[in-house]
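**Student:** model this:
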Amino acid sequence: MECIASLMDNGSAESSRYFLSRRTVLEMLGDRGYDVVQHVNLAPSLSEFRSRFGQQPNPEALGFCVSHLSNLSNTVQVVFAGTDAIKKGTVMAICSRIVDSGNLKSLIIILQSKITSFAQKQLSNLPYKVEIIRIEDLLVNITKHVLQPKFEILTVKEKEALLAKYNLEEKQLPCMLKTDAIARYYGLEKGEVVRITHSGPMVDSHVTYRCVV
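**Tutor:** A predicted model of the protein is given here:
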């Protein structure tokens, strides 16, 4: 009974959901090369997250802004939207809270409800890239699944070397849709190439490539 009791979570489901989704976003941005260490250390466990943000976290308090490790002028802002539908006015309110020094390259909105077409149009007119991710898609980090292969994004030079080595054109590479879950996780754009390494008990190492379309 003591063993089972130790596994029970007496906290709110809401705080658990925010903790898991925020942790996955930090891991995702870390994999993209952003400096997330400080934010990870602020609430590394669920209990510490609840101690900092409470059992009913305010979505506005969960947001953060980080810079890319290789380019400090490349920053991304993460915003957690509330449970209400995102309307045009909501977008304007979100933008008013963002302090843009000219380095903001991307805005990530964690969505919990529906978003209107007017709000989507408003977001498309912003001067930086906007990613909308549903909170339920962040409760588990899909790249950490035991069956997932290793993904590596090729640099421009690595891509050119690959095409030259096999005498290929970009369109001849196998495709990965930009809407693919892995492509969305890494924030991949059209034309980028991913090296996929499969390994395990059934195969030592098998490498394939996918070009994002």
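**Student:** now the strands for the protein?
**Tutor:** Ranges of strands in the chain, per DSSP state E, are 64-68, 71-80, 104-111, 129-134, 150-153, 175-176, 193-200, 203-212.
**Student:** hmm, who's touching the longest helix along the chain?
**Tutor:** Secondary structure of the chain per DSSP state H: the longest helix is helix 13-31. Helix 13-31 is contacted from outside by 9, 36, 39-40, 43, 46, 49-50, 53-57, 59, 62, 66, 76, 78, 80, 108, 110, 133, 135, 138-141, 143-144, 185-186, using C-beta atoms under 8 Å, 6 or more residues apart in numbering. Where C-beta positions appear, they are placed from N, C-alpha and C, glycine not excepted.
**Student:** hmm, back to that, dump the strands of the chain to JSON lines, plus mean neighbour count.
**Tutor:** Below are the strands of the chain laid out as JSON lines (neighbours: other C-beta atoms under 10 Å):
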{"stretch": "strand 64-68", "mean neighbour count": "18"}
{"stretch": "strand 71-80", "mean neighbour count": "18"}
{"stretch": "strand 104-111", "mean neighbour count": "19"}
{"stretch": "strand 129-134", "mean neighbour count": "15"}
{"stretch": "strand 150-153", "mean neighbour count": "16"}
{"stretch": "strand 175-176", "mean neighbour count": "16"}
{"stretch": "strand 193-200", "mean neighbour count": "16"}
{"stretch": "strand 203-212", "mean neighbour count": "14"}
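**Student:** where does pLDDT dip in the chain?
**Tutor:** The chain contains residues with pLDDT under 70 at 1-9, 101, 201-203.
**Student:** that older thread, put the alpha carbons of the longest helix of the chain into CSV.
**Tutor:** The C-alpha coordinates for helix 13-31 follow below in CSV (Å, rounded to 0.1, in the frame of the first residue of the first chain):
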residue,chain,number,x,y,z
ALA,A,13,-4.4,17.9,-12.9
GLU,A,14,-4.1,21.4,-14.3
SER,A,15,-0.7,22.0,-12.7
SER,A,16,0.5,18.6,-13.9
ARG,A,17,-0.6,19.4,-17.4
TYR,A,18,1.2,22.7,-17.4
PHE,A,19,4.3,21.2,-16.0
LEU,A,20,4.5,18.5,-18.6
SER,A,21,3.8,20.8,-21.5
ARG,A,22,6.2,23.5,-20.3
ARG,A,23,8.9,20.8,-19.8
THR,A,24,8.5,19.5,-23.3
VAL,A,25,8.7,23.0,-24.8
LEU,A,26,11.9,23.6,-22.9
GLU,A,27,13.3,20.3,-24.2
MET,A,28,12.2,21.1,-27.7
LEU,A,29,13.9,24.5,-27.7
GLY,A,30,17.0,22.9,-26.1
ASP,A,31,17.1,20.5,-29.0
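**Student:** and the angle from it to strand 64-68?
**Tutor:** Angle between the axes of helix 13-31 and strand 64-68 is 10 degrees (criterion: axes from the mean of the first three to the mean of the last three C-alpha atoms, to 10 degrees).
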